[in-house]
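Student: Coordinates only, no sequence provided:
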């Protein structure tokens, strides 16, 4: 290996150790910490973050001095370091202002949502948008300031790409929805209101992670308010789920979704640990794995067949047979709330957020108009009108946390997962046989093992000879729902 | 506050953040981590330790430049920093050799103990002793090299102090044991073999921490192989216990013992957080609190009265009444194993280890003679002969971890706890009433709130006008057992 790179990697061990600690601290905060611990924990996390930033910036000169011919991994290391250093090179004052507003805004957002009053949150959002514009200007961009922000989550993904993706999705979804209307997939299902016993459902979820092949000695599952996955290290990956007490598919698919993320974390090439290419190349790619397992595997007819006996033995399914459960898992109906949306209408929620964020960034949209704008988009895209701000413009926490440019990656996850789906020769058979080993191995070969050696666009090209092409997603919808 | 001190404390926030992270990482490792995570975790912990050392050493110049007149807290800050910096100033090569041998030795010790063969462990112990001598020489000492090592755990405690303490304890204990022989306290108790249901015992332990007043939002209790307490922060203190399945007093007193440690951590002055005086002044002082609650409170006749209804409602006590349980909690009988020892004979186990460590350090004892020497000490002090090395010289993990000079602090804990006991005016009444609030408040006032502003000797003098005086412990034994 290149000598300068070796030197950089030696220094990087400190960064990775800090980062490992931060991940454990975050997991502990969400899952285990007595609530009294929050102040000391937040203060520590923020100090560790500053220490990490300092370490990155101190690497800057070394990173910039690497000019030799490099192999792919070495190039990936330098590319990733440069991206992080570029972000941490934002003026300290700007970073502090962002930290300040994104610390208090989620609290304000919660109050606004509780009172269903956007005007409470508007000043915070205005500040966040203004800071985001400043970030975009400092980072620099081609054509559109929103590009600089999306790039933070999905390297190289631009407004030009997104416009193509969402215009296609919008027109095709509308056609697909019309076609589904009145079919077995359409409308609500009685099981959505049905309560379950938490203990029984825990057993079902344990069975799910067994079927998905989560390795006992390298994995754990707990409960938290908001389900998430965290790769503490390649041999210590953790997910959480939650039990709402009714509509059992909610916790079931949350568990499968997070397991998809976890499989990604578990299957990276171990030799990438302790390097800057040990993470996924983008949020879209990470999300593609959770959605692949949740939707393409988990909601398939063959998977229902595979797990039906487990459901039947543990849950009060009454007289619902496999077929019924399949429709319950896949019922389609426009809902005002993104996280309640089905596979198809989900992307409309994202298209709406994309248009709004883009407009906020380039000034075509003003924050004060958001509630009415939101509702008119909802009407146009989904044909429904939110009852109030709480189930409209205030439903997501993301903006209050300063995450602008993040939402599109959810749809990119869907797109990539369907590209992967059609690159399989015999996926349905493998699912029917419960041969998750082969499915996992394929994903390891094609995606997981690379970490972020390649940018998401490079990896899509390398492994699937594709771009962010939404056609596969449309094809998948047609094959499944028509 | 002194300007230089303020500057030092600003830098110290990084150290405390790292240290907070290390504590969470350790807790997680013992209690939650999937076993696969151990390699990455160990590597991270060791890197964070190096980073912490660097931060301390970088503070060195500033710390040494403080010459102004300081108040007690400021003096404490400088004293503690100097102590830590002195330790971290040991040659890097020496620290690395210690790290290396203390990483592999516990594994070797486990094998040796399993095979009950001291010769397997002897080379490791020899190396550890030799490194400990080197540490003592580098740190410097008055009179005896062992002083330098004991000082790491109990600031200012010397061989002269220890000789006084242990000679008194040895002679008095022998007298006390003779007197107890044949009394209700003497010998084994049938409940030691009695099995309990884990679920019922968990409930009893929950009741114990409720009675002791552990605050729900700042405390948690879990299960681990070896019970321990960790102060993650002043508002996040955690203990663990374990369930052996029989002899219920074992998990009961383990829980009370660790709760004593936890109360210390919970009751420090909050303003000391983020300073180098936020810890206890010594291991002896910390142990005094666990033993105060375990032995002086927990094994008292009045405490038995207080908790008897809880025990009776949850455990199969058969026809044992309060009085019987009191004798079960306090039965005295020499045992070869330190951790199984009763309050009285416990200190004989420590006296033995003290003599051996002292002799190993000054060269009067050679490692190869340890098994026979151990057994002759056991015969002399406790009148019993260990069956083999496993229940003799190989019973404790401490030496393999490089902890030489640590054992005496257990007896110092007993001594300090009895000094505290006799400084109370009405302890028995408070226990009988279940008035743990007042007991905790008293300990907060006298001990906990000070953190390590004062050295242990200073604090003993300040709060109790005493030194490490073993007379109170003897008096306590006489009053309790005669």
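Tutor: Okay, I see it. Because the structure is predicted, anything quoted here is derived from the model rather than measured.

Student: going forward, measure contacts and count neighbours with C-alpha atoms only.
Tutor: OK.

Student: hey, which helix is longest across chain A?
Tutor: Within chain A, and with DSSP state H defining each element, the longest helix by residue count is helix A:3-31.

Student: Pull up the residues of chain A that are close to chain B.
Tutor: A:13-14, A:16-18, A:20-22, A:24-25, A:28, A:33-37, A:40, A:43-45, A:47-48, A:51, A:216-220, A:232-236 (Cα under 8 Å from any Cα of the partner chain).

Student: All the strands of the stretch 101-250 of chain A, in order from the start?
Tutor: Under the criterion DSSP state E, counting those that start in this stretch, strands of the stretch 101-250 of chain A are mapped to A:219-223, A:229-233, A:236-241.

Student: How about residues contacting the helix or strand of chain A with the lowest mean pLDDT?
Tutor: Of all the helices and strands that make up chain A, the one with the lowest confidence by mean pLDDT, DSSP states H and E is helix A:92-115; it has a mean of 94. Here helix A:92-115 makes contact (Cα atoms under 8 Å, 6 or more residues apart in numbering or on different chains) with A:118-121, A:124, A:127-128, A:131, A:135, A:389-390, A:394-395, A:397, A:400-402.

Student: Distance check, whichever residue of the stretch 351-482 of chain A sits closest to chain B against residue B:146.
Tutor: For the stretch 351-482 of chain A and chain B, the shortest gap (Cα to the nearest Cα) falls at residue A:451, measuring 17.3 Å. Using Cα to Cα, to the nearest Å, we find residue A:451 at a distance of 52 Å from residue B:146.

Student: From the residues of chain A next to chain B, list just the buried residues.
Tutor: For the residues of chain A next to chain B, burial is judged from neighbour counts taken by 16 or more other Cα atoms under 10 Å in any protein chain shown, and it is met by A:13-14, A:16-18, A:20-22, A:24-25, A:28, A:33-34, A:36-37, A:40, A:44-45, A:47-48, A:51, A:218-220, A:232-236.

Student: Check the gap between residue A:286 and residue B:256 for me.
Tutor: As it turns out, when the distance is counted by Cα to Cα, residue A:286 lies 46 Å from residue B:256.

Student: Same check on residue A:292?
Tutor: Noted for residue A:292: a distance of 50 Å to residue B:256, by Cα to Cα.

Student: so how far is the helix or strand hosting residue A:49 off the chain centroid?
Tutor: In this assignment (DSSP states H and E), residue A:49 forms part of helix A:38-64. Helix A:38-64 sits 24 Å away from the centroid of its parent chain (Cα atoms, centre = their mean, to the nearest Å).

Student: elements contacting that helix?
Tutor: Using 3 or more Cα pairs under 8 Å, 6 or more residues apart in numbering or on different chains; DSSP states H and E as the contact criterion, the secondary-structure elements in contact with helix A:38-64 are helix A:3-31, helix A:72-88, helix B:3-31.

Student: Can you tell me which of those helices is nearest to residue B:304?
Tutor: helix B:3-31 (30.5 Å; Cα to Cα).

Student: does the closest one come close to chain A?
Tutor: Yes. Helix B:3-31 comes into contact with chain A when judged by Cα under 8 Å from any Cα, the residues involved being B:13, B:14, B:16, B:17, B:18, B:20, B:21, B:22, B:24, B:25, B:28.

Student: Spell out which residues make up each domain of chain A.
Tutor: Described in terms of automatic domain parsing, the domain architecture of chain A consists of the residue ranges A:1-89, A:105-482.

Student: Let me see the contact set for the nearest residue to residue A:336 once chain neighbours are set aside.
Tutor: Among residues not flanking residue A:336 along the chain, residue A:386 sits closest, at 5.8 Å (Cα to Cα, 6 or more residues apart in numbering or on different chains). Shown in contact with residue A:386 (Cα under 8 Å, 6+ apart): A:336, A:375, A:378, A:392.

Student: Repeat that for residue A:250.
Tutor: Residue A:250 makes contacts with residue A:244, as judged by Cα under 8 Å, 6+ apart.

Student: can you tell me how far it sits from residue A:244?
Tutor: Relative to residue A:244, and taking Cα to Cα, residue A:250 is found at 8 Å.

Student: go on, residue A:123?
Tutor: Residue A:123 sits at a distance of 33 Å from residue A:244 (criterion: Cα to Cα).

Student: just residue A:10 next, same as before
Tutor: For residue A:10, the distance to residue A:244 (Cα to Cα) stands at 46 Å.

Student: what's the answer for residue A:193, then?
Tutor: In this structure, residue A:193 lies at 11 Å from residue A:244, with Cα to Cα as the measure.

Student: For residue A:131, list the residues it contacts.
Tutor: A:94, A:98.

Student: quick one: it from chain B, how far?
Tutor: Separation of residue A:131 from chain B (Cα to the nearest Cα, to the nearest Å): 28 Å.

Student: Which pLDDT value goes with that residue?
Tutor: Confidence per residue is given as pLDDT, and for residue A:131 that number is 97.

Student: so where is the stretch 351-482 of chain A shaky, pLDDT-wise?
Tutor: Across the stretch 351-482 of chain A, no stretch falls below the confidence threshold (pLDDT under 70).

Student: Now do the contacts for residue A:231.
Tutor: Here residue A:231 is in contact with A:23, A:237, A:238, A:262, A:265, A:266 (Cα under 8 Å, 6+ apart).

Student: so it bridges to which residues?
Tutor: According to DSSP bridges, residue A:237 are recorded as the beta-bridge partners of residue A:231.

Student: Quick check: nearest residue in space to the residue nearest the centre of chain A, chain neighbours excluded?
Tutor: Nearest to the mean C-alpha position of chain A, by Cα atoms, centre = their mean, lies residue A:287 at 4.4 Å. Leaving aside its sequence neighbours, residue A:287 sits nearest to residue A:413 (Cα to Cα, 6+ apart; 4.6 Å).

Student: got the contact list for the one you found?
Tutor: Contacts for residue A:413 (Cα under 8 Å, 6+ apart) come out as A:283, A:284, A:285, A:286, A:287, A:288, A:289, A:291.

Student: rerun that using 6 Å as the cut-off
Tutor: A:284, A:285, A:287, A:288 (Cα atoms under 6 Å, 6 or more residues apart in numbering or on different chains).

Student: and the third one, what helix or strand is that in?
Tutor: Following DSSP H and E, the helix or strand that holds residue A:287 is helix A:283-291.

Student: Tell me the spacing between residue A:134 and residue A:359.
Tutor: When Cα to Cα is the yardstick, residue A:134 and residue A:359 sit 15 Å from each other.

Student: sorry, back to before: now the longest helix of chain A against strand A:219-223, angle please.
Tutor: Calculated by axes from the mean of the first three to the mean of the last three Cα atoms, to 10 degrees, helix A:3-31 forms an angle of 30 degrees with strand A:219-223.

Student: for helix A:3-31, what is the average pLDDT?
Tutor: Per-region confidence: helix A:3-31 scores 97 on mean pLDDT.
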